[in-house]
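Visitor: using only what follows, build the 3D model:
(one chain, ligands or ions: 2)
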Amino acid sequence: MTRYTGITALVTGASKGLGTAYARELARRGARLVLVARSGDALRRVADSVREEYGAEVTTEVADLAASDGVSRLVAALDRRNIAVDLLVNNAGAGAVGPFLGSPQDRHIDSVELNIVALTRLSHALGGKMVARGSGGIINVASTAAFQAMPYQATYAATKAYVLSFTEALAEEFRGSGVRVMAAHPGATATSFFEGTTAALKPAFTDRPETVAARTLDAFARGAVNAYPGRTGLRAITWATRILPRTTTTRVSGRLNRALGLDQAHDISTPAPEPS
Ligand SMILES: NC(=O)C1=CN([C@@H]2O[C@H](COP(=O)(O)OP(=O)(O)OC[C@H]3O[C@@H](n4cnc5c(N)ncnc54)[C@H](OP(=O)(O)O)[C@@H]3O)[C@@H](O)[C@H]2O)C=CC1
Ligand SMILES: N[C@@H](C=O)C(=O)O
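Guide: Residues are numbered from 1 along each chain as shown. Ligands and ions are numbered 1, 2, ... in the order given. The predicted structure follows:
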């Protein structure tokens, strides 16, 4: 898939942030859209906006992908509407921030359910249909966090390491099938990812979602298996983490996250962690 004109792209997590940017960029490049998230009103606002600006054909589907039946209900709705997805953008993702024990167990499990289980279920359900048709594509949104353990984002980074490994394996399995698979590894991007927590991204060190989305789609069109759609130098950082001892990269990552105050971060709804 080197062009997006006339294809049907399903974007998860399209109600805000990077997902909205992917939706807008795909519409700008001529794709039909299926937008998925939990917030129906926000989804409809995005849909109205891309219809108005790009004349795109847009369908919205409200789904909680972290719920056990979230993906099956979504796939059933697509089947009922006879929607064949040509490009799946597994973008929806979330993660606890702060000391591992400072977040309730379910906060970590919800991140695993969304970032790993839902992504895997959708890749199987929709990827299987693509392989049967002999054409299609899957873009899994991972992160530069995939390349090293991250103290104070332990579960989140581990889920992204899964996405990296899973995507590379699937790209090889599907080689020659007409279906391509790519992992995108953005760096810090200016979205509401940390909304509801005391953590915050430093604006000076964040990329624009629109830039990340455009570079992701360009990389997929070029046939990349891994894309680094953020600012220059991000890819070099991931190479460094692959060369250095893992204890070193984890130690450095922990030091960086402490410098960002993530060792004191917590959900606004939960008490501050005990000083370490
Ligand atoms: N921002 C960053 O710095 C970086 C982000 N990433 C990755 O990019 C992706 C998008 O993140 P970003 O845009 O920043 O995050 P946001 O929190 O801004 O957006 C997350 C999106 O996912 C949706 N979502 C959350 N939970 C669920 C759920 N259970 N079921 C369905 N949809 C859900 C949200 O919609 P709703 O609440 O309406 O359901 C929203 O549309 C994620 O995979 C993230 O890990 C990677 C690297 C850097
Ligand atoms: N979501 C971002 C915060 O850590 C990332 O993946 O880098």
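
Visitor: near ligand 2, which residues of the protein show up?
Guide: Neighbours of ligand 2 within the chain, by CB under 6 Å from any ligand atom: 143-145, 153, 188, 193. Every C-beta, even on glycine, is put in place using the N, C-alpha and C of the backbone.

Visitor: between those, which is nearest ligand 2?
Guide: Taking CB to the nearest ligand atom as the measure, Ser143 is the one of the residues of the chain next to ligand 2 closest to ligand 2, at 3.3 Å.

Visitor: thought that closest one was touching His185?
Guide: Yes: between Ser143 and His185 there is a contact under CB atoms under 8 Å: 5.7 Å.

Visitor: right, and the helix or strand after the helix or strand containing Leu170?
Guide: Taking DSSP states H and E as the criterion, Leu170 maps to helix 154-173. Later in the chain than helix 154-173, the nearest helix or strand by DSSP H and E is strand 179-184.

Visitor: state the mean pLDDT of stretch 23-40.
Guide: Averaging pLDDT along stretch 23-40 yields 98.

Visitor: quote the end-to-end distance of it.
Guide: End-to-end distance of stretch 23-40 (CA to CA, to the nearest Å): 15 Å.

Visitor: next one: that stretch to chain centre, how far?
Guide: Taking CA atoms, centre = their mean, to the nearest Å, one finds stretch 23-40 lying 14 Å from the centre of the chain it belongs to.

Visitor: got the buried residues for it?
Guide: For stretch 23-40, the buried set under the neighbour-count rule, 16 or more other CB atoms under 10 Å, comprises 23-29, 31-38.

Visitor: what do you get for stretch 246-265?
Guide: Buried residues in stretch 246-265 (16+ other CB under 10 Å): 249-250, 253-254, 257, 260, 262-265.

Visitor: and what of stretch 172-187?
Guide: For stretch 172-187, burial by neighbour count (16+ other CB under 10 Å) applies to 174, 177, 179-187.

Visitor: same list (these) but as TSV, adding pLDDT and distance to Asp218.
Guide: As requested, the buried residues of stretch 172-187 are exported to TSV (pLDDT from 0 to 100; distance: CB to CB, whole Å):
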residue	pLDDT	distance to Asp218
Phe174	98	21
Ser177	98	23
Val179	98	19
Arg180	98	14
Val181	98	17
Met182	98	11
Ala183	98	15
Ala184	98	11
His185	98	14
Pro186	98	14
Gly187	96	17
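
Visitor: and these near ligand 1, which?
Guide: Within these, those near ligand 1 by CB under 6 Å from any ligand atom are Pro186.

Visitor: now for the buried residues of stretch 172-187: which two are most distant?
Guide: Ser177 and Gly187 (30.9 Å; CB to CB).

Visitor: now do the contacts for the residue in the stretch 51-200 of the chain positioned nearest to ligand 1.
Guide: Checking the stretch 51-200 of the chain residue by residue against ligand 1 with CB to the nearest ligand atom singles out Gly93 as nearest, at 2.2 Å. Shown in contact with Gly93 (CB atoms under 8 Å, 6 or more residues apart in numbering): 13, 111, 114-115, 141, 159-160.
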